[in-house]
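[1] sequence first, then the predicted structure:
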Amino acid sequence: MSAIETQDPARTSASQESGLLRILVDARYLAGRAIRESVRQPGVEITNIFIPLFFLAVSTGAIANFSERGFGVENYLAFQLPVAVLQAVAGSSSASGIAIVLDMERGYFDKLLLTPASRWSLIIGRVWADAVRAVFFASIMLIAALLAGSGMASGVPGAILILVIAGLFGGAYSGIGIFIAMRTGNAQAAQAGFLLFFPLLFMAPAFAPLDVFDSWLKWIATVNPVTYIMEGMRGLVMEGYMWPIFEDGQVVGVKNPPALHWAFVSLAGFSVFTLTIAALALRARTRAD
């Protein structure tokens, strides 16, 4: 018999489970290292707090007085809260690309490749760390806006859902920075990870509702995943969320912004895209090395 024919399926399954567990354990340690980097250098993270809060204050102060007359938004601070959250998350997550480039320049990345650590854990660890950091920065934006009077129509559960969305978006967006870092190995190029967020932001209903957009911009916004993520969070802040009402196994009523469901669909698609290109870039770089 050949070796394939005599292979024990149970042993193969156990080996696969052990390999997956090893990847997750390695990723946990690398995620912890990335989080400690942020804790040890809090000054680097100040811009991820200051810039979103600055834009939140300035845009609200400039537009809030006529937002209701102009496009029917009474509470413009609540309207802008998701924008501040996503801006803070994108800023913090894009820093992973720069951190990876610095590891390459210092030789630490090559040392990791020589260890028994799974190469996939290099991506997963960064994604986990960025998800945790995203929740932290999103919490600061939420607290600041609530103290300023934004309100939260969906209450505490809605706030938790916003943090969940922020964490998922942070992990997904980190894939862009990882991709650029792996492909270029250049710190200046890695900085473009955050700059790429601005086209996604300005081609979404960030400062005005989608209804007032010109037709060409409205079309772009409808294919922009950030639109649905932003609108899902906005619905939680301004409209609230309730589960469907069932009677005799039939849905008889519901009060929930459909955008919330599309937010998770968009997050899933965006995550698959960004993490796939990051994984392909890692494979190309490790083969080249």
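    In hand now; what should we look at? Remember, predicted model here, so these are calculated numbers, not experimental data. Numbers count the residues shown, from 1 in each chain.
[2] show me the helices in the stretch 101-250 of the chain, by range?
    In the stretch 101-250 of the chain, the segments counted as helices under DSSP state H, counting those that start in this stretch are 108-114, 120-148, 155-184, 187-190, 192-195, 197-202, 215-222, 225-238.
[3] can you say which of those helices is packed in most?
    Comparing those by mean neighbour count (mean count of other Cβ atoms under 10 Å), helix 225-238 comes out on top with a mean of 24. The C-beta positions use only the backbone N, C-alpha and C, and glycine is treated the same way.
[4] dump it to PDB, restricted to CA.
    Listed next in PDB are the C-alpha coordinates belonging to helix 225-238 (Å, rounded to 0.1, in the frame of the first residue of the first chain):
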ATOM      1  CA  PRO A 225     -19.100  49.700   0.700                       C
ATOM      2  CA  VAL A 226     -18.500  52.500   3.200                       C
ATOM      3  CA  THR A 227     -21.900  54.000   2.300                       C
ATOM      4  CA  TYR A 228     -23.700  50.900   3.800                       C
ATOM      5  CA  ILE A 229     -21.400  50.600   6.800                       C
ATOM      6  CA  MET A 230     -21.900  54.300   7.600                       C
ATOM      7  CA  GLU A 231     -25.700  54.200   7.000                       C
ATOM      8  CA  GLY A 232     -26.000  51.100   9.300                       C
ATOM      9  CA  MET A 233     -24.300  52.900  12.100                       C
ATOM     10  CA  ARG A 234     -26.300  56.100  11.400                       C
ATOM     11  CA  GLY A 235     -29.500  54.200  11.700                       C
ATOM     12  CA  LEU A 236     -28.500  52.900  15.100                       C
ATOM     13  CA  VAL A 237     -27.700  56.400  16.300                       C
ATOM     14  CA  MET A 238     -30.700  58.300  14.800                       C
END
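[5] name the helices or strands packed onto it?
    helix 76-106, helix 155-184, helix 197-202, helix 258-288 (3 or more Cβ pairs under 8 Å, 6 or more residues apart in numbering; DSSP states H and E).
[6] where in this structure is pLDDT low?
    Within the chain, the stretches with pLDDT under 70 are 1-19, 43-44, 242-258, 288-289.
[7] could you redo the last one with a cut-off of 90?
    The model of the chain has pLDDT under 90 over residues 1-49, 64-74, 91-126, 153-155, 157, 177-178, 181-196, 210-212, 239-262, 282-289.
[8] who touches the spatially closest residue to H261 that is not a sequence neighbour in this structure?
    Nearest residue to H261, sequence neighbours excluded (Cβ to Cβ, 6 or more residues apart in numbering): G232, at 7.7 Å. Shown in contact with G232 (Cβ atoms under 8 Å, 6 or more residues apart in numbering): I165, P257, A259, L260, H261, W262, A263, F264.
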